[in-house]
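Chemist: From the sequence below, what's the structure:
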Amino acid sequence: MTLVYLVRHAKALARSTWSEPDRLRPLSKTGQRQAAALPGHLGEPALARLVSSPSVRCVQTMVPLAEQLGVEVEHADELAEGGSGRDALELVLAAALGGAVAACTHGDVLLDALSTLRAAGVPLSGPFECKKGSTWILEVAEGSFRTGTYLLPPPTGGART
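Modeler: Predicted coordinates for the structure are as follows:
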């Protein structure tokens, strides 16, 4: 069995206050704390690869894991906002052939991926949601997804910004 950690990016600055292209929108202070807490929250998993949407907020969410593991964060358009959940699942399934993988994406892609898994009969434990900074831990065996378990975002303490 191999694990895939499908992460929704941590809390970013509000769209309404950001005037530059959305793909450049960074994490908020709360999001930075969520990202910093992610390795410990996931149990400091041994990961073969880190893959992310090219959006700054997704890449920033993965940086603490990358620093801990000493690996680069790979960018993948299949994880970009507005993408297909099916394409995202195909990407992480292929990536998991080399061992456990963490992938960071956006809420719309993640919900579409979860809908695809549910329609395929994959048992999903936990609420059908994906809060910012949360993770779905997917078990892969024999080239297919077997189960999925929801993990709430890491606690951050402090003010929400």
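Chemist: for the protein, what spans make up the strands?
Modeler: 2-8, 49-52, 73-75, 101-105, 124-125, 135-141, 144-151 (DSSP state E).
Chemist: most packed of the ones you listed?
Modeler: Most buried of the strands of the chain, by mean neighbour count (mean count of other C-beta atoms under 10 Å): strand 101-105, with a mean of 29. For glycine as for every other residue, the C-beta is placed from the backbone atoms N, C-alpha and C.
Chemist: re earlier: among the strands of the chain, which comes closest to Ser28?
Modeler: Nearest to Ser28, of all these, is strand 2-8, at 14.3 Å by C-beta to C-beta.
Chemist: ok, back up a step: who wins for proximity to Leu89 among the strands of the chain?
Modeler: Among the strands of the chain, strand 144-151 sits nearest to Leu89 (C-beta to C-beta), with 7.2 Å.
Chemist: In the sheet, which strands lie alongside that closest one, parallel or antiparallel?
Modeler: strand 124-125 (parallel), strand 135-141 (antiparallel) (DSSP bridges).
Chemist: May I have it as CSV, with CA atoms only?
Modeler: Extracted in CSV, the C-alpha atoms of strand 144-151 (Å, rounded to 0.1, in the frame of the first residue of the first chain):
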residue,chain,number,x,y,z
SER,A,144,-6.0,2.1,-7.8
PHE,A,145,-7.3,4.1,-5.0
ARG,A,146,-8.7,1.9,-2.2
THR,A,147,-9.8,4.3,0.6
GLY,A,148,-9.7,8.0,1.6
THR,A,149,-9.6,9.6,5.0
TYR,A,150,-10.1,13.3,5.8
LEU,A,151,-7.7,15.1,8.0
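Chemist: How about residues contacting that strand?
Modeler: 1, 4, 41-42, 89, 93, 114, 117, 120, 122-127, 129, 134-140 (C-beta atoms under 8 Å, 6 or more residues apart in numbering).
Chemist: if we can go back for a sec, I'd like the strands of the chain as TSV, with distance to Ser28 and mean pLDDT appended.
Modeler: As requested, those are exported to TSV (distance: least, C-beta to C-beta, whole Å; pLDDT from 0 to 100):
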stretch	distance to Ser28	mean pLDDT
strand 2-8	14	97
strand 49-52	18	97
strand 73-75	19	97
strand 101-105	16	98
strand 124-125	28	96
strand 135-141	19	97
strand 144-151	21	97
